[in-house]
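[1] Got a predicted structure plus its sequence, pasted below:
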Amino acid sequence: MEVEPDDFRNVLSRWASGVAILTSRGKDQLYGITITAFSAVSLDPPLVLVCVNAKSPLNEIIAESKMMAINILNAGQREISELFSGSGNADLRFDRCEHHLGEGGMPLIDGAVAHLECGVKDVLSSGDHIVYIAAPRTCRHANRDPLLYFRGQYQELIYGRRSEERDEKK
């Protein structure tokens, strides 16, 4: 018995995740997309995993540069997440977002919770996505709350209260 796509999507929406912008730089262009499919793979050596829709133009740029940056967004950067979502506004994204180039030459979003500039180690094709295993070459972080995504909506961390208490206040 196979799982229905809608059921699968609903189950996965119950997994709270951080929100990040995956960026890379080609010869004459910067490109970035919003991602939630990102995780650590190994501490020794340091490795991360990122999944990108196989149809995304970002794959060509990553194939060219062999580099990428993961920009973990802060709780106040919802508009940046939305700007980098979907296929529209690709040419205007970096014009509407403060950023700089990191030590490795990758575009880094200003104000993010953390940045990782990574070299691509392995590339796998799986289902409708390309899976990248990458090794961080530089990393930076700041003490800010992350932007979270749960059940199809942006969320915020609430400190010191149980989930039942939060539900009662709704």
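    Cool, got the structure.

[2] Direction included, what does the helix or strand in which residue 50 is found pair against?
    In this structure, residue 50 is located in strand 46-53 according to DSSP states H and E. Using DSSP bridges, strand 46-53 pairs in its sheet with strand 38-43 (antiparallel), strand 129-141 (antiparallel).

[3] nearest to residue 102, of the ones you listed?
    Nearest to residue 102, of all these, is strand 129-141, at 6.0 Å by C-beta to C-beta. Yep, even glycine has a C-beta here, placed from its N, CA and C like the rest.

[4] which of the residues in the helix or strand following that closest one are buried?
    Later in the chain than strand 129-141, the nearest helix or strand by DSSP H and E is strand 148-150. The neighbour-count check on strand 148-150 (16 or more other C-beta atoms under 10 Å) flags 148, 149 as buried.

[5] Which elements pack onto strand 148-150?
    In terms of contacts (3 or more C-beta pairs under 8 Å, 6 or more residues apart in numbering; DSSP states H and E), strand 148-150 is packed against strand 17-18, strand 153-155.

[6] Which among those is found nearest to residue 27?
    Closest to residue 27 of the helices and strands packed on strand 148-150 is strand 17-18 (C-beta to C-beta; 30.5 Å).

[7] Quickly run through the sheet partners of the closest one, with directions.
    Note on strand 17-18: by DSSP bridges, its sheet partners are strand 148-150 (antiparallel).

[8] among the helices and strands packed on strand 148-150, which is the most enclosed?
    Highest mean neighbour count among those (mean count of other C-beta atoms under 10 Å): strand 17-18, with a mean of 17.

[9] Identify the residues contacting it?
    Strand 17-18 has contacts (C-beta atoms under 8 Å, 6 or more residues apart in numbering) with 36, 38, 72, 73, 113, 146, 147, 148, 149, 150.

[10] which residue ranges form the strands in this protein?
    Ranges of strands in the chain, per DSSP state E, are 17-18, 20-25, 30-35, 38-43, 46-53, 67-72, 99-101, 107-109, 114-126, 129-141, 148-150, 153-155.

[11] Among these, show me which one is buried the most.
    strand 20-25 (a mean of 26).

[12] Taking the contacts of strand 17-18 together, which two end up most distant?
    Largest pairwise distance in the contacts of strand 17-18, by C-beta to C-beta, is 16.9 Å, between 113 and 150.

[13] And the strands paired with strand 46-53: which comes nearest residue 22?
    Set against residue 22 and scored by C-beta to C-beta, those come closest in strand 38-43, at 7.6 Å.
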